[in-house]
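Engineer: Everything below, folded, please.
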Amino acid sequence: MKRIYITLLILISASAFIGFKQFEQNRVIPNKSFGLGEKVEYRVHYGFINAAEARVEIAKNITVVNNKPCYKINVTGRTVGPFDLISKVRDTWRSYVDTAAILPHMFQRSIQENKYRKEETVVFNHGKDVAVTTVKDESKTHNVPNNIHDIVSGYFFLRTINFDKVAEGEVIEVPTFFDGEVYKLRVRYVGKDVIKTKFGKTRVLRLNPLIPDNKLFKGEGAMRLWISDDVNKIPLKVQVELMIGSLEMDLKSYKGLRTDLVWL
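Structural biologist: Modelled structure (predicted):
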């Protein structure tokens, strides 16, 4: 279970819910869901045992990449408690997301998992549909589909989607670039619900990322995701059924949201 905790958070929150149009240099995606200075923290636990902590944070200032104003978004994660003794993780994932088009211009990973280390930078050229990866001063150019996302930027693009226009049971597919490859992520929109959190009860949208057959998860629908049914659309709860138990992620704290979460 070396890399489950943080990778799950990001993969679940990735861009698996978006319809694509051909890239336009002046494309503008309406965004009322997030802005500068947002910070959300999560607790990841295996049963009653704390396993990891994760934080998703938008910088307070705009960063310019490829001559475009961008949100600088950091996703950081670390194992805690006994899990930190078994498999120590200190990961940082960073995406620079175009403030108008909500597409990534650059993605960075700093991975520290036990003795494993990796530093990677990906620069996207959406006009030419290429992504250039750099690891240890070695660069490679990859052909990618129109409007490709990294796994952080896609989550923020998701938050601009109006789910009132998505039918219950609909499965949406989207290509996402990660680790030198393009993946077709598939997610089913399940519908609406009400759940209880540490802050109270609230209305949510239920999503079901579909997982290919493997020896780690219990079937294709092993992942379940609940996001706030409001303009923020932040994940409030994640549950993953593993072959050896259940891993859960819960909202721990939040600040700087565009609008206040509504508790019933």
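
Engineer: From here on, just use CA atoms for contacts and neighbour counts.
Structural biologist: Will do.

Engineer: List of residues touching the biggest strand by length in the chain?
Structural biologist: In the chain, taking DSSP state E as the definition, the longest strand is strand 181-197. Strand 181-197 has contacts (Cα atoms under 8 Å, 6 or more residues apart in numbering) with 15-17, 144, 166-177, 201-211, 229, 236, 250-251.

Engineer: Stretch 70-84 too?
Structural biologist: 5-6, 36, 50-59, 61-64, 87-99, 152.

Engineer: quick revisit: among the contacts of strand 181-197, which ones are buried?
Structural biologist: 15-17, 144, 166, 171-177, 202-211, 229, 236, 250-251 (16 or more other Cα atoms under 10 Å).

Engineer: buried stuff in the longest strand of the chain?
Structural biologist: 182, 185-192.

Engineer: Mind checking which of the buried ones among the contacts of strand 181-197 are in strands?
Structural biologist: Going by DSSP E, the strands hold 171-177, 202-210, 236, 250-251 from the buried ones among the contacts of strand 181-197.

Engineer: can you list the buried residues of strand 181-197 in CSV and add pLDDT and distance to Pro104?
Structural biologist: Output for the buried residues of strand 181-197, formatted as CSV (pLDDT from 0 to 100; distance: Cα to Cα, whole Å):
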residue, pLDDT, distance to Pro104
Val182, 92, 15
Leu185, 74, 17
Arg186, 77, 20
Val187, 80, 21
Arg188, 87, 24
Tyr189, 92, 24
Val190, 94, 28
Gly191, 95, 29
Lys192, 96, 29
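
Engineer: can you tell me which of these lies nearest to Tyr46?
Structural biologist: For the buried residues of strand 181-197, the closest approach to Tyr46 (Cα to Cα) belongs to Val187, at 23.7 Å.

Engineer: can you tell me how far the closest one sits from Leu210?
Structural biologist: 6 Å (Cα to Cα, to the nearest Å).

Engineer: likewise Pro145?
Structural biologist: 21 Å.

Engineer: next one: Arg117
Structural biologist: Taken as Cα to Cα, the span from Arg117 to Leu210 is 29 Å.

Engineer: and if you look at Leu85?
Structural biologist: Counting by Cα to Cα, the gap from Leu85 to Leu210 is 31 Å.

Engineer: And for Val182?
Structural biologist: 16 Å.

Engineer: just Tyr96 next, same as before
Structural biologist: 27 Å.
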